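Peer 1: here is my input, please return the structure:
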Amino acid sequence: MAEPGVETRMRSSVITARAAATFEPVGRSVATARAFVRDTLQGWGYSDIVDDAVVLTSELVTNAVIHAGTSADVLCLRTEDGVRVEVADRYPEREVPMQGTGQSLGSPDRENGRGLLLCAALASRWGVEYSPTYKKVWFQLDLPDRAVGTRSAGPVLPTDLLPVADERVRVAVIQVDTAGILVSWNEDAEQIFGYVAEKVVGRPLGDLAAWPHTPGIGTGIAEALLLSRWEGSYGMRGADGRVIPVYASHLRVRDTRGEPSTVCLLVRDYERAVIQTPLRAPAGESAENRAADPFEIFIGSPAPDDLDGLLQRTVERARDMLDADSGFLLLATDDETELEVRATTGLPSARQRFARVPVEASTGRYGSARMPAVHDDLTASPGAVPLLGGTGMRSVVTVPLKVEGRLTGSLGVASETAGRFSNEEALRLQFAADRIALAVESARLGELERLRRGSLSFLVEASDLLAGTLDRDQTLALMAQMTIPTLATWCAVYTIADQSSDPYLSFVLHEDEERIDGLKALLSRISPPDPVPTPGARIWTAPAEAAHQSALRTSMRELGNGSASTTSGIGTTLATAAAVGGETVVLPLVARNRVIGMLTLGKPSDDHFRQEILELAEDLSRRAALALDNARLYSERTAISQALQRSLLPPGLPQIPGVEVEVIYRAAGEGNEVGGDFYDLFPIKDGAYGFAIGDVCGTGPEAAAVTGLARHALRLLAREGFTGPAVLERLNAAILDEGTRSRFLTLLYGELWPQEDGSAVLKVVCAGHPLPLRLRQDGSVESAADPQPLLGVMEDLELYEQVITLDPGDVLLCVTDGVTERREGTRMLGDDGLADVLTTCTGLTAGAVATRVLRAVERFAAEPASDDMAILAMRIPEPE
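Peer 2: Residues are numbered from 1 along each chain as shown. Sure thing, here's the model as predicted:
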């Protein structure tokens, strides 16, 4: 039976591939299921819908394995037009909405039930199917309409509307093998990027490619190289260290031996029209029978299908339309208070990409981006257009981009000649802006939606990784690794131990490992940022300024020396300066109303952060701060527990004449809980020694209190001359006096007197503890005491001590129940199993006996021990 209002049948389509997996009802299965769906869809080349599929699968598998508590079966089906994912569990019960009650699928605020809401919001189609034994939720994600590999012919265009290219167009042709290694590099590639073929052939393409890592937008370089075709923009690092924007077309081929490789055609980004594949025209429609579209006349046909390409084409057309020297386009932020530089041409300002300027640059009509403006001479009004400062441009015309009366951006062109633009030309530019404003806003919203979906997927995986560790150093490393290169080029994490401490540089990471040491040295020389608790990113200029000054001083020294011996040092200094020369921001790490550190993110020279990336970084910093503080608290708790555990054990063991003694203590768990097992060995008076091994019920502070009471009371009472039974009876009364804080205690206590003939006399009392075992020289094993009541339960105890004599070669073995109760499934080591192990220890020293017992216990089961273990072995050596 299906839920009302949802589709339960998949539309007729051909299934071309399938992948299935089953996930057990444990917490880690959710992350494993996400990875399975991501890897499957990327392997099919469906990167455009990966993020949506991962988010939906995460919610549905969470419902199955966490809330329903059953295994989850995930099935991915590839079709010609998209993918269908089915998640089935073994919990078929469901609520049936009652007519007229207004019951909905769920609430976004509920911990469970969000899966169907997300399906309704993100999926093209979805449905629920029930049977007596399982419930299945499925969703269909359709591929976006995108024509690939189509032939088409554009209309005849005026010369001034043709794409702009250099006088000598160069097309770099490179070839990459199946491992991503460059195997071919042509002459045009040498001219564009500055590397000769011998320097780059044999290196991974990833070493040179500055791939866009914005979450949710585009695929990774490794995935792109595996696709049959790929087109898009990225950057290539030139020999001078600068990133050169390129437009690329990748084609996957195979040679005559069947070996696959990828051929990449690359041109400078502003010459993308040379290799860009035109879009497919609608069926039955040709360029000749379409009516003239003002948008296409301005932009050209075909229009770019991505936002960056559309913006770049717009500024180029605007510049050429008014015969200007440069052009620029800025997009408004959501609150319309700032404009973000997104495309430029003819300006030395690729450095300005994503830089932000205020909408209201100054007072008056001409200082606002909301109105058209013509500035005849910028030298007479410096600062009127901040983007053009220091560029040599003298006159500029700017017009707003508006959609339904709302400011969405600003388009401008500039000239090196004063008074270049008239009001009529401003009107022409405004007319063009009105034609393209809606298309730009639509493309911007599409990119923003993809970014937000990708950000959601990024944060889900980041939260999983941060929640998977309580180690402070590993948390710091994860924080940095998650930001690089997805959010920034380099990252530094400062930590603050307490309110009176200064920030400490704890971790530094750069996407180029060769830059990490120089970056760490630079940051160590400058004062850390102020620990301001105000949320949000704030600009920090100190690293860029310090790097610039260092590079300047190094260059001056080289000029003064006139020597080439310092070339290497200068190169490192300049590379560090370039690495931190862009925008740097600081985000506070606030947890439990306290600043515990700062997350610092940086860009290379001339680069800026886009607002959406800063918002994503702020979300990540909040999660990372809580994870880091949890790791700190866990470390402090572990240190306290370990210190307390050490205080409950004797600082050392005395040397007993004529007796070998060995003690092994192993605490279970991760060290953050104080155990209840303890031991002691101490001198009572001349020639007499006391020994004890016990186990307090439970763990934690309450058990530690009883352990401390027992160990110190035993020493005190024994040295006062009380016998073994009297010592334990008084200890029992002291435990019962603790009232509700008391814990019952099993204890083996004894006193030992070495004898002149080489033997030893022992008096022992076993109060509810595993019995001590005696190994004789002939290999026989027997119990050395009788069981008696444990302590902390009954008020009136009548205990007695038993006397035994250990002859030379005999061994007395005392253990806690962590040894005898070692389990593997239904099997348990037990007293008999321990006795069997001890029979193999004839002739061994006390240390060797204890070690063999420990090894046997560890090998008895594959899982780590779940209880503390204490082993006390005493042996009377044979005379030499």
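
Peer 1: so who does residue 374 touch?
Peer 2: Applying CB atoms under 8 Å, 6 or more residues apart in numbering to residue 374 gives the contacts 395, 396, 397, 421, 422, 423, 426. (C-beta placed from N, C-alpha, C; glycine too.)

Peer 1: 10 Å instead, please
Peer 2: Residue 374 makes contacts with 366, 395-399, 419-423, 425-426, 429, as judged by CB atoms under 10 Å, 6 or more residues apart in numbering.

Peer 1: would it count as being in a strand?
Peer 2: Yes. Under DSSP: H, G, I helix; E, B strand; the rest coil, residue 374 sits within a strand.

Peer 1: which SS class is the spatially closest residue to it that is not a sequence neighbour?
Peer 2: With sequence-adjacent residues excluded and distances taken as CB to CB, 6 or more residues apart in numbering, residue 374 is closest to residue 397, at 4.9 Å. Secondary structure, three-state DSSP: residue 397 is strand.

Peer 1: tell me the bridge partners for residue 397.
Peer 2: Beta-bridge pairing of residue 397 under DSSP bridges involves residue 374, residue 413.

Peer 1: one more: the one 10 residues further on?
Peer 2: With beta bridges defined as DSSP bridges, residue 407 has these partners: residue 402.

Peer 1: the residue lying closest to residue 476 once chain neighbours are set aside: neighbouring residues, count only.
Peer 2: Leaving aside its sequence neighbours, residue 476 sits nearest to residue 507 (CB to CB, 6+ apart; 4.4 Å). Close neighbours of residue 507, defined as other CB atoms under 10 Å, add up to 20.

Peer 1: any idea of the mean pLDDT for the host helix or strand of residue 507?
Peer 2: Using DSSP states H and E, residue 507 sits in strand 504-510. Strand 504-510 shows a mean pLDDT of 89.

Peer 1: before we move on, what about stretch 818-837?
Peer 2: What stretch 818-837 shows for mean pLDDT is 90.

Peer 1: do stretch 645-656 as well
Peer 2: On average, the pLDDT along stretch 645-656 is 81.

Peer 1: list the buried residues for that stretch?
Peer 2: Burial within stretch 645-656, assessed by neighbour count using 16 or more other CB atoms under 10 Å, is assigned to 645, 648, 649, 656.

Peer 1: which of these fall in strands?
Peer 2: Among those, no member falls in strands (DSSP state E).

Peer 1: would you turn those residues into CSV with distance to residue 726?
Peer 2: Shown next, in CSV, are those (distance: CB to CB, whole Å):
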residue, distance to residue 726
645, 29
648, 24
649, 25
656, 23
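
Peer 1: relative to residue 728, which of the residues you listed is nearest.
Peer 2: Ranked by distance to residue 728 (CB to CB), the buried residues of stretch 645-656 are led by residue 648 at 18.7 Å.

Peer 1: any idea how far residue 336 is from that closest one?
Peer 2: Using CB to CB, to the nearest Å, residue 648 is found at 65 Å from residue 336.

Peer 1: also residue 402?
Peer 2: Plainly put, residue 402 is 11 Å away from residue 336 if you go by CB to CB.

Peer 1: give me the more crowded residue out of the two.
Peer 2: Neighbour totals were compared for residue 402 and residue 336, and residue 402 leads with 18 against 13 (other CB under 10 Å).

Peer 1: which helix or strand in the protein has the lowest average pLDDT?
Peer 2: The helix or strand of the chain with the poorest confidence is helix 294-299; it has a mean of 54 (mean pLDDT, DSSP states H and E).

Peer 1: follow-up on the earlier one: does the residue nearest to residue 374 touch residue 326 like I think?
Peer 2: No. Using CB atoms under 10 Å, residue 397 makes no contact with residue 326, being 11.6 Å away.

Peer 1: what's the overlap in contacts for these two?
Peer 2: 318, 412, 413, 414, 415.
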